[in-house]
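Q: give me coordinates for this.
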Amino acid sequence: TKHVIKNILWTTAKNFTVERGRQQIEELISTWDIHESWLHRSEFLEEEELKDSKRYHYRACWGIPTRRKPIPQATASVYFVIAISKFKPDTTPVEVFYRLESSRLIRRPEQCQFREKWLEDIIENKIACTERL
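A: Purely as a prediction, here's the structure:
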């Protein structure tokens, strides 16, 4: 069976605001198949001016708090970029990319379904690294 990649309808360049971008990232995250024990918070980081586009950088920081450890031992971050072309019409939807904190691989939401295992791997690696120290 073919796995369906979930995505959302992204706002157009002319309707984009920093807060709208954060809301849409939250909307995208809500389509991800992640267990309810995972909690996250998203935040705007910075605006970057490039020759051909404006890029807006965001981060969603993930963890699994428990009753015994309300502050998670480690967290995993997913970094998002919303790009607005300076050459395309302002009625064009924004472009969205994301990457995991431990990876340089850039993913597009419409091409790749997010996997909870990626967050688990980051946290397991951080905990293992901390224990070795």
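
Q: now do the contacts for the closest residue to S85 other than its chain neighbours.
A: Nearest residue to S85, sequence neighbours excluded (Cβ to Cβ, 6 or more residues apart in numbering): S53, at 5.2 Å. (Each C-beta comes from the backbone N, C-alpha and C, glycine too.) Going by Cβ atoms under 8 Å, 6 or more residues apart in numbering, S53 touches 83-86.

Q: likewise for Q24?
A: 8, 10-11, 82, 96.

Q: report the buried residues of the helix or strand containing H40.
A: In the assignment (DSSP states H and E), H40 maps to strand 39-49. Neighbour-count burial for strand 39-49, counted by 16 or more other Cβ atoms under 10 Å, picks out 40, 42, 44.

Q: burial count for the closest residue to the first one other than its chain neighbours?
A: The shortest distance from H40 to any residue that is not its chain neighbour, by Cβ to Cβ, 6+ apart, is 4.5 Å, and that residue is W62. Counted by other Cβ atoms under 10 Å, the residues lying close to W62 total 24.

Q: for the remainder of this discussion, apply numbering that starts at 47.
A: All right, first residue 47 from here; so that's W108.

Q: next, W108: secondary structure please.
A: Each residue gets one of three states, and W108 gets strand by DSSP: H, G, I helix; E, B strand; the rest coil.

Q: state the distance from it to R178.
A: Using Cβ to Cβ, to the nearest Å, one gets 23 Å for the distance from W108 to R178.

Q: same check, this time on V127
A: Distance from V127 to R178, by Cβ to Cβ: 32 Å.

Q: the two: who's more crowded?
A: V127 (19 against 6).

Q: quick one, what contacts the nearest residue to I80 once chain neighbours are set aside?
A: Nearest residue to I80, sequence neighbours excluded (Cβ to Cβ, 6+ apart): E162, at 4.9 Å. Counting by Cβ under 8 Å, 6+ apart, E162 touches 78-81, 84.
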